[in-house]
Every structure is written in C-alpha cells, then in structure tokens.
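Asker: only geometry, no sequence info:
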C-alpha cells in the first residue's frame, strides 16, 4: 500500500473542466473501469491539465496520479449509486449556475467571450458538464458519509503538531481580517422617472409584436443576459430577488409582465416555461442612471458615517445594520468579509483586492479607512467603508496563534485516513480494470493487486 498511502491523503475532488475550444484531437477511449463506472482518456487528460495549471512543473508521470484520483472518485460514485444516495436536479442546476457565474466574473460578464474561448454557448457548456456535476456531487456526498464520524480532539491536534519536524513547519504570511459597509448610491427621482418611462416604452414595443431577444440585446442593462436575448435559463425558486420572482411565478408561459421594479431597476419579464418548481424566463432591464451628483452625495454620506464611528457616536456593527447593503454576504456577518478561497475571514495581503489593500495600508487595528468607490459585478458603482480588525506578522506555524488552521489540517488528515481505509476495503470487493497503456504506473498496479486479492 506504499503508493496509495502517499497519494490518497490529497484526494480532494477536482472539478472536471472544459478544454478551451473543446479540442478533441486525440481519439477518446475507455482507459479504466471500476464497478459500473468507466473513465475516458479525455477525463484523465483534463484532470492532468487542471493539476498542471496549479503546479506547472508536474512531470508527465503525474498522469498516473490523475487516473488514480479519478478511480477513487468513480469508486465513490459507484458506491453512492449502490447506497441509493440521491442528488436532485435543483442541486445540479444550482451548482452549474454557480460555475457559470464564476466564469462570468472571470470573463468580465461577457458571455460572448466565454463562447469564443470554449467554442460553445453557455447552455451547451452546462449541458455537457451536467453529468460530471451530478457525479461530483454524488462523490462528495459519499465521501462525506465515509468521513462523517471523523472528529478531532485538542490532544490529537497537539500530537499532530508535535509530529511535524521543526524545520518543516509551514510559514504563514501576514494576514488581515477586515469588516466592511457597502453602500449603494440612491437614485434621484428624476432619473427613476426616466428609467420607468424607458421601460414602459420597451414594453409597448413588445406588445406591438417586436422581437423580445432583439430588444433585449439593444436596450437591456443586464450584462449577463442581454447578449442572450434576455434569457435567464431554467432556475429554481429563490434564485431571483423577491419582487422579480413574485411577478415571474405569477405569469403564464408566453405572458409579459407589467413593468416591475426591483433594487436593480425596472424589468419587463416574459415567462417561457415552468417545470414544477423551476421556471425559465427572460427579461429586459432598464436601470436608472446614477449621476455624478448622486455619487458625490453618497461619498459625503459615507464620510459622515466614518466620522460618527471615529467619534464613538455609533459602532461599526450598528453602522453595518443601518447603512449597509443587505444583499452583501458581509451584512449578515457583522460586516466581516469572508475569504472565498479559505472560507474563513482571514486574508493574506496578496489575496486582498487592490483597492482594499491601499485603503488599509498604514491603519492600526480598529481604524476605519476613508470611503472609496468600487464597481460591483452588475457594473454599478457602490461605496465601501473598511475597518481593519486585525493584522498578523509573517511567522512560522505556532500552535497557540494558528490553532484553527492546525486543527483543520489535523482533521483533514484524519478524514483522509478514513477515506484511504474505505477505498482499500471497497477495492477488494469491486471490479477494477486499467488499460495496459498505464502498466508502468506503480500506484495503479497496486490498486489492481488489491482488487484481485493479491495484496492483503
């Protein structure tokens, strides 16, 4: 079990990615099977390419590890199906939409850029990755079941830390923890009236028979859907803001809504279809313009809030609740900003947005930076007040200072050992085959030996 012991602890499931331009120059074929699941050569190559992006100096021999990771993932999927573990369509759709949202952010909310890069429309991308996403969720659910009893005690954390050689202790970079107040500039009445009039005019054009998709491409202020003719795809209840959703779910297929106002602006909505709790609709959004005067008033407002906090007239927490944007993740977390990479609220300096880095540069813990403007994902300009909560210096891992991180690492190691033990047990009871082209991979030959009963 030499090779399995070395590799399995790193088996965090890697999402399957689409290759740019969907390159299929290599003829695809089955290279492995475990239970009722098969693995294609293209899957192994995609996993290897993903790993190579993260670590460019990986040798070609890492293909052996890529296939092993896939075999373990497929083993988890196979057992999940045998155990009747279910993943419903809504969960798959939500994960696919989340992946597309991340792509949209990466491609600056430009769906055409995504299509050019991948050689497919967004809907085609979703359809192609739907089965992979379902299998990924099944594997994650099965792995969670395998490791659900893995807990870690303070004594085990200490023992884990003691076993790390002193010269191998990880070095932690400087980290900061911040809180924020995100303030959305208020629309003045004149601009609101203009946007409402434009929305009514667009709706009138639609009632006279003009093409919805063409008008959406011409007039809609929603960068994510305008290029798709306003199409928002098939989504479940809870995806849209309440005002939009209440109107959309009350429409009949093919019916146009009256002009509907939300925090984003004015919408004209058409329902395309409904499938149980899922709806497929399209919309045209007309946003009121935020003028320079509106922005100046917002900046002055945030300057005033900052001064009130400095003078002790209001706490930062109170200011978050009174002035913050309720749609921000930080709003319900007392203003604390979560690091999407780690899941906690600590950021290495290099992970901070540039504007935040310069805002807190030179601040003491507890200080509040001057307000600054930033552009939100929908393209609108907001203002942000940032407070520096804490700042650590670069240091070697310390059990007292970094207990949370060390505890997490110890728990992950324990979960990995649970997974390793489970894999070894299942391999002895599950059909496994690997193509001869991977015969030089010692880790895969060990798996085959275990499966055939030669290793006990």
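Answerer: Sure thing, it's come through. This one's a predicted model, so the numbers in the text were calculated from it and none came from an experiment.

Asker: tell me the first helix or strand C-terminal of the worst-scoring helix or strand of the chain on mean pLDDT.
Answerer: Lowest mean confidence among the helices and strands of the chain (mean pLDDT, DSSP states H and E): helix 2-7, at a mean of 49. Downstream of helix 2-7, the next assigned helix or strand under DSSP states H and E is strand 30-34.

Asker: where do the strands of the stretch 151-300 of the chain begin and end?
Answerer: 171-172, 175-183, 231-236, 260-262, 265-275, 278-286 (DSSP state E, counting those that start in this stretch).

Asker: now the last one, how far from the centre of its chain.
Answerer: If I follow you right, that is strand 278-286. 23 Å (C-alpha atoms, centre = their mean, to the nearest Å).

Asker: and for the shortest one?
Answerer: For strand 171-172, the distance from its own C-alpha centre to the chain's C-alpha centre is 26 Å (C-alpha atoms, centre = their mean).

Asker: partner strands of that strand, parallel or antiparallel?
Answerer: Here strand 171-172 is paired, per DSSP bridges, with strand 395-396 (antiparallel).

Asker: and the last one, by the same measure?
Answerer: Here strand 278-286 has these sheet partners by DSSP bridges: strand 231-236 (antiparallel), strand 265-275 (antiparallel).

Asker: taking the mean pLDDT, what do you get for the first one?
Answerer: Read that as strand 231-236. For strand 231-236, mean pLDDT is 86.

Asker: which ones are touching residue 299?
Answerer: Counting by C-beta atoms under 8 Å, 6 or more residues apart in numbering, residue 299 makes contact with 371, 373, 383. Glycine gets a C-beta too; all of them are placed from N, C-alpha and C.

Asker: buried ones from those, can you make that a PyMOL selection?
Answerer: The command below creates a PyMOL selection of those among the contacts of residue 299 that count as buried (16 or more other C-beta atoms under 10 Å):
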select buried, resi 371+383
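
Asker: make CSV from the contacts of residue 299 and add pLDDT, distance to residue 316 and secondary structure to it.
Answerer: Below are those laid out as CSV (pLDDT from 0 to 100; distance: C-beta to C-beta, whole Å; DSSP: H, G, I helix; E, B strand; the rest coil):
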residue, pLDDT, distance to residue 316, secondary structure
371, 95, 13, coil
373, 91, 20, strand
383, 93, 15, strand
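
Asker: domain parsing for this protein?
Answerer: For the chain, automatic domain parsing gives the domain ranges 2-159+400-452, 171-184+291-396, 189-286.

Asker: start to end distance for the last one?
Answerer: Distances were taken as C-alpha to C-alpha, to the nearest Å; on that basis the terminal residues of domain 189-286 are 15 Å apart.

Asker: go on, stretch 271-280?
Answerer: Distance between the two ends of stretch 271-280: 6 Å, counting by C-alpha to C-alpha.

Asker: so what touches that stretch?
Answerer: By C-beta under 8 Å, 6+ apart, stretch 271-280 touches 89-90, 93, 231-237, 248-249, 251-255, 281-282.

Asker: what comes up buried for that stretch?
Answerer: 271, 272, 274, 278, 279, 280.

Asker: just name the closest of those to residue 435, please.
Answerer: Of all the buried residues of stretch 271-280, residue 278 has the smallest distance to residue 435: 40.0 Å, by C-beta to C-beta.

Asker: low-confidence ranges in the stretch 301-450 of the chain?
Answerer: Of all residues in the stretch 301-450 of the chain, none has pLDDT under 70.

Asker: do a quick rundown of the strands in it.
Answerer: Under the criterion DSSP E, counting those that start in this stretch, the stretch 301-450 of the chain contains strands at 347-348, 372-375, 381-391, 395-396, 432-434.

Asker: closest one to residue 28 among those?
Answerer: Counting by C-beta to C-beta, residue 28 lies closest to strand 432-434 out of those; the figure is 16.5 Å.

Asker: partner strands of that closest one, parallel or antiparallel?
Answerer: Applying DSSP bridges, strand 432-434 is found paired with strand 30-34 (antiparallel).

Asker: and the partner strand, what's buried?
Answerer: Using 16+ other C-beta under 10 Å as the test for burial, strand 30-34 gives 31, 32, 33, 34.

Asker: so the first one makes contact with residue 435?
Answerer: Yes. With contact defined as C-beta atoms under 8 Å, residue 31 counts as touching residue 435 (4.2 Å).

Asker: so residue 49, which of the three states?
Answerer: At residue 49 the chain is in helix, as set by DSSP: H, G, I helix; E, B strand; the rest coil.

Asker: any chance of the strands paired with strand 278-286 in a markdown table, with distance to residue 312 too?
Answerer: Shown next, in a markdown table, are the strands paired with strand 278-286 (distance: least, C-beta to C-beta, whole Å):
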| stretch | distance to residue 312 |
| --- | --- |
| strand 231-236 | 46 |
| strand 265-275 | 38 |
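
Asker: can you say which of those is nearest to residue 318?
Answerer: strand 265-275 (29.7 Å).

Asker: chain center to the closest one: distance?
Answerer: Distance, centroid of strand 265-275 to centroid of chain: 26 Å (C-alpha atoms, centre = their mean).

Asker: can you check stretch 188-196 too?
Answerer: Averaging C-alpha positions (C-alpha atoms, centre = their mean) puts stretch 188-196 35 Å from its chain's average.
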